[in-house]
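Novice: Return a 3D structure for these sequence lines:
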Amino acid sequence: MAELDRIDRKLLQLLQNNAQLSNRELADAVDLAPSTCLHRVRKLREQGILLDSHATVDTEAMGIGIQALISVQLIRHSRDDVDAFHRHALALDEVLAAYHVTGPQDFVLHVAVRDTEHLRDLTMDAFTTREEVSQIETALVYEHDRKPVLPDFIDG
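Specialist: Have a look, this model is predicted:
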């Protein structure tokens, strides 16, 4: 685990909230010279702590009317079956996130689709036809909020 000081943690918090902040804005926020700030951000990337940057897109504006969580139970739990299903799920455009979990279900998939017909087709064509899948269960997402920042207790 990398050693992060107060300034590194603040930089990560700022970038998680807004990855479009300029180096000058970051430097001002943590009271560093811009060159020092740029060096620290580059070091966070080189250490594999700061992985990438994302833009948040309005799902409704893109024609996504429904989000759902699909719980998937596999027939067998061999590494080959688990890995094959995981790769399959991540290759689907509709899958936003795939979680390999403990408990009665093996995977929970967060999906985004146009409408109920699209959701039905996805579940029938992409999951129930897979030989490693035993059972699926779908829950519609009424609201979706995400906290972009890791909790404060990390390294603190």
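Novice: starting at the chain centroid, how far to stretch 76-83?
Specialist: Centroid separation between stretch 76-83 and its chain, computed with C-alpha atoms, centre = their mean, to the nearest Å, is 22 Å.
Novice: contacts for it?
Specialist: 74-75, 100, 106, 132 (C-beta atoms under 8 Å, 6 or more residues apart in numbering). Just so you know, the C-beta spots here come from the backbone N, C-alpha and C atoms, and that holds for glycine as well.
Novice: then that stretch to PDB, C-alphas only?
Specialist: Output of stretch 76-83 as PDB, limited to C-alpha atoms (Å, rounded to 0.1, in the frame of the first residue of the first chain):
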ATOM      1  CA  ARG A  76     -20.800 -24.500 -11.200                       C
ATOM      2  CA  HIS A  77     -18.100 -22.500  -9.500                       C
ATOM      3  CA  SER A  78     -15.100 -23.500 -11.400                       C
ATOM      4  CA  ARG A  79     -12.600 -20.800 -12.200                       C
ATOM      5  CA  ASP A  80     -13.200 -21.400 -15.900                       C
ATOM      6  CA  ASP A  81     -16.900 -20.900 -15.600                       C
ATOM      7  CA  VAL A  82     -16.600 -17.800 -13.300                       C
ATOM      8  CA  ASP A  83     -14.000 -16.200 -15.500                       C
END
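Novice: Just the buried positions in it, please.
Specialist: 81-82 (16 or more other C-beta atoms under 10 Å).
Novice: State the number of residues packed around residue 15.
Specialist: Neighbour count for residue 15, taken as other C-beta atoms under 10 Å: 18.
Novice: That one against residue 21, yeah?
Specialist: Yes: judged on C-beta atoms under 8 Å, residue 15 makes contact with residue 21 at a distance of 6.7 Å.
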